[in-house]
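**Q** Would you be able to build a 3D model of this:
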Amino acid sequence: MSFPSTSAAAPFPDAQETGVLELTLQLTRLGLNAPDLGSAMVPVLDALVSQTSAVGAGYFQLADQTLAYHARAASGVMPEGPGMDALLAHGLPRHLPLIMALEASPDILYFPDTSGQPTASGFPELGVHALIAAPIHDRNRRLVGALLAHVFEPHDWSPSEHHLIDSVTGLLTLLAARLDAEEREHAAHEGALRAMGLSLEARDAETHGHTDRVTALALRLGQHLGLEEGELRALRWGAYLHDIGKVAVPDSILLHDGPLTPPMRARMELHVADGVTLAQQLPFLPTTTLDVIAGHHERWDGAGYPQRLCGEQIPLLARIFAVCDVYDALVNVRPYKRAWTVHETLAHIQASSGQHFDPQVVAALLAVLPEASHLSVSA
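**A** Predicted structure coming up:
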């Protein structure tokens, strides 16, 4: 499991020289500029390791799906061994005595020696013999996270360490509450947008499973091309909603068994503009998600629709999604065609490189699909 990198974190001045207040202000600036909860925790954890006797620290966040607290960020030296591997894989369970104690009390827990402490049960087996556990609650007083800092030998936490940790934990609570709420809002949006995409499949039965398949492939391709998390989310949301405009297409056209007539084709092509109009009613959607909806039928050579954009005039996320959309359409049965083999599909996509599709995106697709190993991946 990987954690947000600490390599870009600014070095922290000594707390005795600058004071806790200046350190807190520095952490606040870093935290407020962080794009997500895990990244916001990194400078706080770095500060704990550099300014106290803790040799390592980690932040664990509640995952509603598993009702366990999973590692989101870490700094310093972490325990090793099967016990730690299990913790990283499955999280801290809610029935763990330490988690139950944090749920019941707003106070930070300090353990100079975890041995023989029922509340710290399980930590001596990890080699953790001194521990700090700070609860992070949301506005409803629900425990949503836990900050842990540890030493591999017994240690009496000093008054200055208590003061620093109390101050940092207060900041952490504010950051975690804000970012946890944002992530939960994103999760709610995610579920709603996917539901919209799946609802189209219920009406357009021949594409059953298309939304999830094409979304998964687009994300693999986006990750290979080095997209950042925000760009991947925009791509994912665009994949969910790419055909939302088809809700306005009559059944006589949408469910037509065979090639479309020119008037039917013209009406079908309007689903792109209709989709953008509908998606614009969702104010939380980034413009890059709208780009996917607007541009997924454009072509690299300018022969697509609706705007006849060409080359890099087409937004990158739309270029990525377009090749994934066509790939999935070709390898699956449609009323007007049989399912092509993967070999036939990839050969067609490669032949269309520089015409229908961005050559670099085609090369990336061939690189991420094991089935394409026999094909050239040159752009």
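**Q** care to break this protein down by domain?
**A** Listed by automatic domain parsing, the domain ranges of the chain are 15-182, 204-372.
**Q** how about those, which one is nearest Gly191?
**A** Of all those, it is domain 204-372 that lies closest to Gly191, at 10.0 Å by CB to CB. C-beta coordinates here come from the backbone N, C-alpha and C atoms, glycine included.
**Q** how about the helices of the stretch 201-350 of the chain, start to end?
**A** All helices of the stretch 201-350 of the chain, identified by DSSP state H, counting those that start in this stretch, fall at 210-224, 229-241, 251-254, 262-269, 271-279, 287-295, 316-331, 342-351.
**Q** Which residues are in contact with the closest residue in space to Leu309 that isn't next to it in sequence?
**A** The shortest distance from Leu309 to any non-neighbouring residue, by CB to CB, 6 or more residues apart in numbering, is to Glu298 (4.6 Å). When the contact criterion is CB atoms under 8 Å, 6 or more residues apart in numbering, the partners of Glu298 are 304-305, 307-310, 314, 318, 322.
**Q** Recalculate using a threshold of 10 Å.
**A** Applying CB atoms under 10 Å, 6 or more residues apart in numbering to Glu298 gives the contacts 272, 304-311, 313-315, 318-319, 322, 356.
**Q** Looking at those, which is nearest Leu164?
**A** Comparing these against Leu164 with CB to CB picks out Pro315 as the nearest, at 46.4 Å.
**Q** Check the spacing between Leu241 and Ala294 real quick.
**A** Plainly put, Leu241 is 11 Å away from Ala294 if you go by CB to CB, to the nearest Å.
**Q** Common neighbours of these two, please.
**A** Counting by CB under 10 Å, 6+ apart, the common neighbours of Leu241 and Ala294 are 275-276, 279.
**Q** Redo these as CSV? Include neighbour count.
**A** Written out in CSV, the entries for the shared contacts of Leu241 and Ala294 read as follows (neighbours: other CB atoms under 10 Å):
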residue, neighbour count
Gly275, 23
Val276, 18
Ala279, 22
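**Q** Let me know the closest of those to Asn140.
**A** Closest to Asn140 out of the shared contacts of Leu241 and Ala294 is Ala279 (32.1 Å), distances taken as CB to CB.
**Q** any idea how far the closest one lies from Ser105?
**A** The span separating Ala279 from Ser105 equals 46 Å under the rule CB to CB.
**Q** One more: Leu282?
**A** In terms of CB to CB, Leu282 sits 41 Å off from Ser105.
**Q** Which of these two has more residues huddled nearby?
**A** Leu282 (16 against 11; other CB atoms under 10 Å).
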